[in-house]
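Trainee: A structural model of the following input is requested.
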Amino acid sequence: MLSTLWDHINNPLVYATPAFLVLIGIEAASLRHAGEDSSPRAYSPIDTRTSLTMGMGAIVAMLIFKTLTLLLFVFVWVELAPWHLPTDAWWYWPLLLLVVDIAWYCNHRFSHRVRIGWAAHQAHHSSEYFNLGTALRQKWNPWSEAIFWLPLPLLGFAPWTIYVAFAFNLIYQFFTHTETIDKMWRPIEFVFNTPSHHRVHHGSDPVYLDRNYGGILIIWDRMFGTFQAELHTPTYGLTTPVGTYNVLKLQYREYGNIIGDVRRATRWRDRLGYVFAPPGWQPAAQRASSAALDKQSA
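Mentor: Residues are numbered from 1 along each chain as shown. Below is the predicted model of the structure:
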């Protein structure tokens, strides 16, 4: 039953996975003689192995997640949606792909700007390399996606089609994880998310932080003020390097950090801040103390 359900809601991604692995192999072979300081860099065996392990775990996590949320979405679609959009209409799939891409932008921005969302998403940004292998370094707890997809069945989109559209969105994003493609034709760069735009998104440089959230289209970032063009080769990874290839730590360490901060906090306002404020948030008194220490050490 579960395998039938998986095939039904995720066919595009399942069939694309072998192609992903082949393309990763081709890119890795083409870069095998590249130097550590060159751009693009050669693959790191241990980093790639970690990304592939996280990708395999994400497949299991997505199967469980999509099984549970499909039941919720079917209930919303059948019992609460005021109408059902015709899946065979010529405009249905283009409209759904557009709406899913908007939902992706919102979820992606939430995952960077709300710490509990970042705790799940940061695993994808933990690599200090940027290549097609990095695209498979996915989170194992995709709970926030359900929040941003929930309005879609209420708007009348058939639940199974939401998963198919999202699969195509992820397939497109796979190809944005590479240093081997420079900037593309200007009209493409203006409308679509490209490798250049997504390299910015994975950069830990201050000018690149929290930019370019788009999935297929970059126009959402241009519209909502989160766009940043690529100015130089980014420094990839987190602002504080994780220093480990342990996949459990990469996936869940930030949840542990949140729990520790909440336990140490003495006010409910601070506890809520540690969970729902942006990553790096500190209470006012702690910020003042940190600023004073930085001033003394300067």
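Trainee: hey, let's count contacts and neighbours off CA atoms from now on
Mentor: Fine.
Trainee: longest helix anywhere in the chain?
Mentor: helix 45-75 (DSSP state H).
Trainee: please name every helix or strand in contact with that one.
Mentor: Applying 3 or more C-alpha pairs under 8 Å, 6 or more residues apart in numbering; DSSP states H and E, one finds that helix 45-75 contacts helix 2-30, helix 159-174, helix 247-264.
Trainee: ok and it relative to helix 247-264, angle-wise?
Mentor: 70 degrees (axes from the mean of the first three to the mean of the last three C-alpha atoms, to 10 degrees).
Trainee: mind listing what's buried in helix 45-75?
Mentor: Across helix 45-75, burial judged by 16 or more other C-alpha atoms under 10 Å covers 47-48, 50-52, 54-55, 57-59, 61-63, 65-66, 69-70, 73-74.
Trainee: would you turn the helices and strands packed on helix 45-75 into JSON lines with mean neighbour count and mean pLDDT?
Mentor: Listed next are those as JSON lines, based on neighbours: other C-alpha atoms under 10 Å; pLDDT from 0 to 100:
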{"stretch": "helix 2-30", "mean neighbour count": "15", "mean pLDDT": "77"}
{"stretch": "helix 159-174", "mean neighbour count": "20", "mean pLDDT": "94"}
{"stretch": "helix 247-264", "mean neighbour count": "16", "mean pLDDT": "96"}
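Trainee: E36 is nearest to which of the ones you listed?
Mentor: helix 2-30 (13.5 Å; C-alpha to C-alpha).
Trainee: show me where pLDDT drops low in this protein?
Mentor: 1-11, 285, 287-298 (pLDDT under 70).
Trainee: and the closest residue to T194 other than its chain neighbours, what does it touch?
Mentor: The shortest distance from T194 to any non-neighbouring residue, by C-alpha to C-alpha, 6 or more residues apart in numbering, is to T176 (5.5 Å). Neighbouring residues of T176 by C-alpha atoms under 8 Å, 6 or more residues apart in numbering: L132, N193, T194, P195, S196, H198, R199.
Trainee: before we move on, which element is T176 in?
Mentor: Assigned by DSSP states H and E, T176 belongs to neither a helix nor a strand.
Trainee: would you list every one of the helices in the stretch 151-298 of the chain?
Mentor: Ranges of helices in the stretch 151-298 of the chain, per DSSP state H, counting those that start in this stretch, are 151-154, 159-174, 186-191, 195-201, 219-224, 247-264, 268-276, 284-297.
Trainee: so what's the residue count around A89?
Mentor: By other C-alpha atoms under 10 Å, 9 other residues sit near A89.
Trainee: repeat that for A119.
Mentor: Neighbours of A119 (other C-alpha under 10 Å): 24.
Trainee: shouldn't it be within a helix?
Mentor: Yes - counting by DSSP: H, G, I helix; E, B strand; the rest coil, A119 is found in a helix.
Trainee: that one: what's its closest spatial neighbour, skipping adjacent residues?
Mentor: E254 (5.0 Å).
Trainee: thought that neighbour was touching G117?
Mentor: No - shown here, E254 and G117 do not form a contact pair, counting by C-alpha atoms under 8 Å, at 10.2 Å.
Trainee: out of the contacts of T176, the closest to P153 would be?
Mentor: N193 (26.0 Å).
Trainee: any idea how far T226 is from W281?
Mentor: From W281 over to T226 the distance is 20 Å, taken as C-alpha to C-alpha, to the nearest Å.
Trainee: if you could redo that for S51, that was the one I meant.
Mentor: Taking C-alpha to C-alpha, one finds S51 at 27 Å from T226.
Trainee: repeat for Q286
Mentor: Counting by C-alpha to C-alpha, the gap from Q286 to T226 is 28 Å.
Trainee: who has more neighbours, those two?
Mentor: T226 (18 against 11).
Trainee: what's the burial count for the nearest residue to the more buried one once chain neighbours are set aside?
Mentor: Of all residues not flanking T226 in the chain, R211 sits nearest, at 5.1 Å (C-alpha to C-alpha, 6+ apart). Neighbours of R211 under the rule other C-alpha under 10 Å: 21.
Trainee: does R211 really touch F227, like I thought?
Mentor: Yes - R211 is within contact range of F227, at 5.6 Å (criterion: C-alpha under 8 Å).
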